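Enquirer: Could you look at this predicted model? Sequence included:
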Amino acid sequence: MSQPVTDPTFYRSAAEAAAAPPERLAYVAAFDRSAGRSDAMTVVDVDPEAETFGRVVGWTDMPGTGDELHHFGWNACSSALAHAGHDTDGLARRYLLVPGLRSSNVHVLDTVPDPRAPRVVRTITAKDLSEAAGYSRPHTLHCGPDGVFLTCIGGPQGDDDGPGGIALLDHSTFQVLRGWETDRGPQRLAYDAWWHLNRNVLISSEWGHPSMIEDGVVPELLLAGEYGHAIHVWDLAEGRHLQRIDLGAQHQMALEVRPSHDPEATWGFVGVVISTEDLSGSIWRWFLDGDEWRAEKVISVPAEPADPDLLPPALQPFSAVPPLITDIDLSVDDRFLYVSCWGTGELKQYDVTDPAHPREAGSIRLGGIVGRAPHPAAPDLPLSGGPQMVEVSRDGRRVYFTNSLYGAWDDQFFPDGVGAWMAKADVGPDGGMALDPRFFPHGDEFRGLRVHQVRLQGGDASSDSYCHR
């Protein structure tokens, strides 16, 4: 009798993940801002030995229109190994669950048998999500214990004022099981969520209700401190709220959470988009201090002075361009933190070997509201957008990033158009980054769609959590 086979991409530890064969394909979500065409999942060749390296080699249209594909992820990953008795027989990193932030539909794509031609095999409808979990506007998902955790920024279908929260989906059938929370305490805004598996703790963050983000940043709400500015600590097994950590109302939009990949660690980072005091962006470290969770600011990125004539209307009164920290990513070995400064067009690399005292180790400039820095592959092409969604290979030697944030926000900060491009940086063994001049899919490669999140074949730095050292 054959023995159950565990997916080889379910890595027992971060070190095992880093030592696995490198990615050959990247999956990149692309969306049509006008909602006149279908969004798509594109497949980009990232094998440097291939003739098609740096080119789009696969394309899957979504059914219908108006999804605005945003964050997506795998149905299963290394977290499947985290709990004794978890049934991994037949469970595999096979399906991509791809939410539409505007439509509230979630499309399920099968990457087998042909990884370059994923097939839509099911759509979880907005009605399914709303009726079973009481949520809408799905944003981020992580494969984890008990199922797939899907964060949602909206309440039931049609309720754009929340509260947002987490829906739980089955790993294999993709059925929406229920809303995850059993006691939400003071939490009302939602954005991202991830965990410390071995500590039975989930950390969540805050953006805003759909009505606050649908048409761009609302200046009145921003200046009044109404966007999210706290992180929340939960009992992972029970779905019970334990603690709210307020970062201060001036620190608006606490977005991506990146816990340490070390299963015994009790720290992680959250990125804050903007301060209403000085337009800076910041990175905060959360950590366990005795029996209490705390957070402290460990990185501040200042705004840069700018000619008002070069700024969009929303920024002209300030004569400055804010960094707008919209994404962060932590390498699998917990050594480097990558920070996307979408406004200034900068991708920063920090050595976080000592997470309480990060040290800048590298920087790349592409695009930016004012700079419009070109790529070396097209030195005469000024770029719009900036480093936004960032993904790091498991071995930490490659960083991929795309340039679109969210349709309405793209239009607000880049009113002359944001375009579409993807870039790759190579990382030195001791840090530092250099753009790969061979890798620059852009423009017509994406058929007029904008590009957002990247997922790497076999997993990446923001896909998996581990339970063994």
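Expert: Looks like it arrived, so ask away. What you see is a predicted model, and the numbers here were worked out from it, not measured in a lab. Numbers count the residues shown, from 1 in each chain.
Enquirer: how about the strands of the stretch 351-469 of the chain, start to end?
Expert: Assigned by DSSP state E, counting those that start in this stretch, the stretch 351-469 of the chain shows strands spanning 359-365, 390-392, 398-402, 422-427, 433-435, 450-456.
Enquirer: what do you get for the stretch 51-200 of the chain?
Expert: In the stretch 51-200 of the chain, the strands defined using DSSP E, counting those that start in this stretch lie at 56-61, 73-74, 95-99, 106-110, 119-124, 136-144, 147-154, 165-169, 176-179, 193-196.
Enquirer: Turn those strands into JSON lines, columns for distance to residue 237, mean neighbour count and mean pLDDT.
Expert: All C-beta spots, glycine's among them, are computed from the backbone N, C-alpha and C. Conversion of those to JSON lines gives the following (distance: least, Cβ to Cβ, whole Å; neighbours: other Cβ atoms under 10 Å; pLDDT from 0 to 100):
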{"stretch": "strand 56-61", "distance to residue 237": "36", "mean neighbour count": "18", "mean pLDDT": "98"}
{"stretch": "strand 73-74", "distance to residue 237": "21", "mean neighbour count": "26", "mean pLDDT": "97"}
{"stretch": "strand 95-99", "distance to residue 237": "22", "mean neighbour count": "25", "mean pLDDT": "98"}
{"stretch": "strand 106-110", "distance to residue 237": "24", "mean neighbour count": "21", "mean pLDDT": "98"}
{"stretch": "strand 119-124", "distance to residue 237": "25", "mean neighbour count": "16", "mean pLDDT": "98"}
{"stretch": "strand 136-144", "distance to residue 237": "11", "mean neighbour count": "25", "mean pLDDT": "96"}
{"stretch": "strand 147-154", "distance to residue 237": "13", "mean neighbour count": "26", "mean pLDDT": "97"}
{"stretch": "strand 165-169", "distance to residue 237": "12", "mean neighbour count": "25", "mean pLDDT": "98"}
{"stretch": "strand 176-179", "distance to residue 237": "15", "mean neighbour count": "18", "mean pLDDT": "98"}
{"stretch": "strand 193-196", "distance to residue 237": "10", "mean neighbour count": "23", "mean pLDDT": "97"}
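Enquirer: Adding distance to residue 319, write the ones you listed out as CSV.
Expert: Below are the strands of the stretch 51-200 of the chain laid out as CSV (distance: least, Cβ to Cβ, whole Å):
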stretch, distance to residue 319
strand 56-61, 39
strand 73-74, 40
strand 95-99, 38
strand 106-110, 43
strand 119-124, 46
strand 136-144, 33
strand 147-154, 32
strand 165-169, 39
strand 176-179, 45
strand 193-196, 37
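Enquirer: got any ranges where the stretch 1-150 of the chain has weak pLDDT?
Expert: 1-5, 83-89 (pLDDT under 70).
Enquirer: Quick check: residue 282 vs residue 406, distance?
Expert: Distance, residue 282 to residue 406, using Cβ to Cβ, to the nearest Å: 20 Å.
Enquirer: ugh, wrong one, residue 166
Expert: 20 Å.
Enquirer: start to end distance for stretch 243-252?
Expert: End-to-end distance of stretch 243-252: 19 Å, with Cα to Cα, to the nearest Å as the criterion.
Enquirer: Kindly apply the preceding question to stretch 197-209 instead.
Expert: Length of stretch 197-209, first residue to last, Cα to Cα: 28 Å.
Enquirer: one step back: ok, which of the strands of the stretch 351-469 of the chain comes nearest residue 39?
Expert: Ranking these by proximity to residue 39 (Cβ to Cβ) places strand 450-456 first, at 9.5 Å.
Enquirer: what distance separates that closest one from the centre of its chain?
Expert: For strand 450-456, the gap between its own C-alpha mean and the chain's C-alpha mean amounts to 9 Å (Cα atoms, centre = their mean, to the nearest Å).
Enquirer: again with stretch 436-448
Expert: The answer for stretch 436-448 is 21 Å, by Cα atoms, centre = their mean.
Enquirer: In that stretch, which residues are buried?
Expert: The neighbour-count check on stretch 436-448 (16 or more other Cβ atoms under 10 Å) flags 436, 439, 440, 441, 442, 445, 446 as buried.
Enquirer: Just the C-alpha atoms of that stretch, please, in PDB.
Expert: Provided in PDB are the C-alpha atoms of stretch 436-448 (Å, rounded to 0.1, in the frame of the first residue of the first chain):
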ATOM      1  CA  ASP A 436      18.500  43.100 -13.200                       C
ATOM      2  CA  PRO A 437      18.700  44.900 -16.600                       C
ATOM      3  CA  ARG A 438      17.300  41.800 -18.400                       C
ATOM      4  CA  PHE A 439      14.100  41.700 -16.400                       C
ATOM      5  CA  PHE A 440      11.500  44.400 -17.200                       C
ATOM      6  CA  PRO A 441       8.100  43.200 -18.400                       C
ATOM      7  CA  HIS A 442       6.000  46.300 -19.000                       C
ATOM      8  CA  GLY A 443       3.400  48.100 -21.100                       C
ATOM      9  CA  ASP A 444       2.000  45.900 -23.900                       C
ATOM     10  CA  GLU A 445       3.300  42.800 -22.200                       C
ATOM     11  CA  PHE A 446       0.300  43.200 -19.800                       C
ATOM     12  CA  ARG A 447      -2.200  44.100 -22.500                       C
ATOM     13  CA  GLY A 448      -3.200  47.400 -21.000                       C
END
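Enquirer: does the nearest residue in space to residue 394 that is not next to it in sequence count as helix, strand or coil?
Expert: Nearest in space to residue 394, with sequence neighbours left out and distances taken as Cβ to Cβ, 6 or more residues apart in numbering, is residue 17 at 4.6 Å. What DSSP: H, G, I helix; E, B strand; the rest coil gives for residue 17 is helix.
Enquirer: just to revisit the earlier point, and the strands of the stretch 351-469 of the chain: which comes nearest residue 219?
Expert: Between residue 219 and these, the shortest separation by Cβ to Cβ is 23.8 Å, and it involves strand 450-456.
Enquirer: which other residues reach the closest one?
Expert: Contact partners of strand 450-456, identified using Cβ atoms under 8 Å, 6 or more residues apart in numbering, comprise 23, 25-33, 42, 46, 69-74, 96, 388-389, 391, 393-394, 400-405, 407, 410, 418-422, 460, 463.
Enquirer: so what's the nearest residue to residue 434 once chain neighbours are set aside up against?
Expert: Nearest non-adjacent residue to residue 434, counting by Cβ to Cβ, 6+ apart: residue 426, 5.4 Å away. With contact taken as Cβ under 8 Å, 6+ apart, residue 426 is in contact with 397, 398, 433, 434, 435, 436.
Enquirer: Looking at these, spot the one nearest residue 373.
Expert: For these, the nearest to residue 373 is residue 435 (10.3 Å; Cβ to Cβ).
Enquirer: Just to check, that closest one is in contact with residue 427?
Expert: No. Residue 435 lies out of contact with residue 427 (Cβ atoms under 8 Å); the separation is 11.3 Å.
Enquirer: Of the two, which one has the most company?
Expert: residue 427 (23 against 19; other Cβ atoms under 10 Å).
Enquirer: Now for residue 366, how many residues are close by?
Expert: By other Cβ under 10 Å, 24 other residues sit near residue 366.
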